[in-house]
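Chemist: structure for the following, please:
(one chain, ligands or ions: 1)
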Amino acid sequence: MAKQNIYDNENFFENFKDIRSNEINFNDCIETPILLSMLPEVNGKSVLDIGCGMGQHAKQYSDMGAKFVMGIDISEKMLKYAKEHFCAKNITYQQMALENISALAKQFDIVTSSLTFDYAEDLDELMRNVYQLMKDGARFVFSMSHPMATAWDGKYDRYTCTELGERLYANISNYMVEGKRSVKWVVDDYELYHRTLSTIVNAIVNAGFLIEKCEESHVSDAMRKKYPAQFGGTLHRPDFIFFRCKKSI
Ligand SMILES: C[S@@+](CC[C@H](N)C(=O)[O-])C[C@H]1O[C@@H](n2cnc3c(N)ncnc32)[C@H](O)[C@@H]1O
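Modeler: Presented below is the predicted three-dimensional model:
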């Protein structure tokens, strides 16, 4: 099946860039602080960032003292932006689909990925391939959309709200139906894969990983009150899920 490369669509890319660059965005306000808090010591380590996008995380790992960082992504536009805005001597960016990572003939101390595995059709294979790219004892830290957030088919609003716009409930539909979903986000036909929590956990465990930590995204009361339009629904369900895994033989 052809891999979706929506980030190279001009309209999608420009809109995503605006969302990601806005001071109040889900990545910087929610995802990144949790992901960074789950990383092992980065100083002196080799790091692979799968789906590095515009390179913000790769640059953070470089600034944290990584020996070198390799960022891979399917999107030419995202990589061009990364090379222009988030480069460093010890960062290499390479165009590569996550489905092809077994072609990387290297092993890393840390493998990481932020909000990219939603696009993986075969999560079992991806987990097995990541395992092969890691040194013994290496850590794998990643985030993806929470299954409660991907259990939405776009037929109804994401939240049921009061007339004043207060979010009363999150609308979850067909949680048990796994597979590709096409929903409206930035464009009309944004595609991602929904899977249940047990499917995600079993893909990790079956690849041979030990799960050391799992987190679900959370937002402080202060942030929720200050930015209700962005974060008003975050008590009803988490947006993201995070895992730290160890390769242990
Ligand atoms: C939501 S963005 C996250 C980017 C970055 N990790 C961040 O946190 O800002 C998802 C990224 O996954 C990349 N992507 C989507 N499908 C991919 C695939 N099959 N292989 C590699 N990268 C992919 C996109 O090009 C995009 O850069």
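Chemist: list the buried residues of the longest helix anywhere in the chain.
Modeler: Scanning the chain for the helix with the most residues, using DSSP state H, yields helix 10-21. If you call a residue buried by 16 or more other CB atoms under 10 Å, then helix 10-21 has these buried ones: Phe12, Phe13, Phe16, Arg20. The way it works is simple: take the backbone N, C-alpha and C, and place the C-beta from them, glycine included.
Chemist: correct me, but Asn11 touches Asp189?
Modeler: No - Asn11 is not in contact with Asp189 according to CB atoms under 8 Å; the separation is 11.9 Å.
Chemist: quickly find the element holding whichever residue of the chain sits closest to the ligand.
Modeler: Across the chain, the shortest distance to the ligand (CB to the nearest ligand atom) belongs to Gly53, at 2.5 Å. Assigned by DSSP states H and E, Gly53 falls within no helix or strand.
Chemist: not counting sequence-adjacent ones, nearest residue to it?
Modeler: Distances taken as CB to CB, 6 or more residues apart in numbering place Met78 nearest to Gly53, at 4.8 Å, with adjacent residues excluded.
Chemist: show me what the longest helix of the chain is packed up against.
Modeler: Applying 3 or more CB pairs under 8 Å, 6 or more residues apart in numbering; DSSP states H and E, we find helix 10-21 packed against helix 76-85, strand 187-194.
Chemist: nearest to Phe108, of the ones you listed?
Modeler: helix 76-85 (18.2 Å; CB to CB).
Chemist: angle of the closest one against helix 10-21?
Modeler: Calculated by axes from the mean of the first three to the mean of the last three CA atoms, to 10 degrees, helix 76-85 forms an angle of 40 degrees with helix 10-21.
Chemist: tell me the helix or strand right after helix 76-85.
Modeler: By DSSP H and E, the next helix or strand past helix 76-85 is strand 91-95.
Chemist: buried ones in that next one, by neighbour count?
Modeler: Quick answer for strand 91-95 (16+ other CB under 10 Å): Ile91, Tyr93.
Chemist: which neighbouring elements make contact with it?
Modeler: helix 56-63, strand 68-73, helix 76-85.
Chemist: pick the most deeply packed of these.
Modeler: strand 68-73 (a mean of 24; mean count of other CB atoms under 10 Å).
Chemist: sorry, back to before: what about the longest helix of the chain, average pLDDT?
Modeler: For helix 10-21, mean pLDDT rounds to 92.
Chemist: after that helix, which helix or strand is next?
Modeler: Assigned by DSSP H and E, the successor of helix 10-21 is helix 26.
Chemist: got the contact list for that next one?
Modeler: Gln230, Asp239, Phe240 (CB atoms under 8 Å, 6 or more residues apart in numbering).
Chemist: what's the answer for stretch 10-23, then?
Modeler: 6-7, 25, 27, 53-54, 56, 75, 77-78, 81, 186-187, 190.
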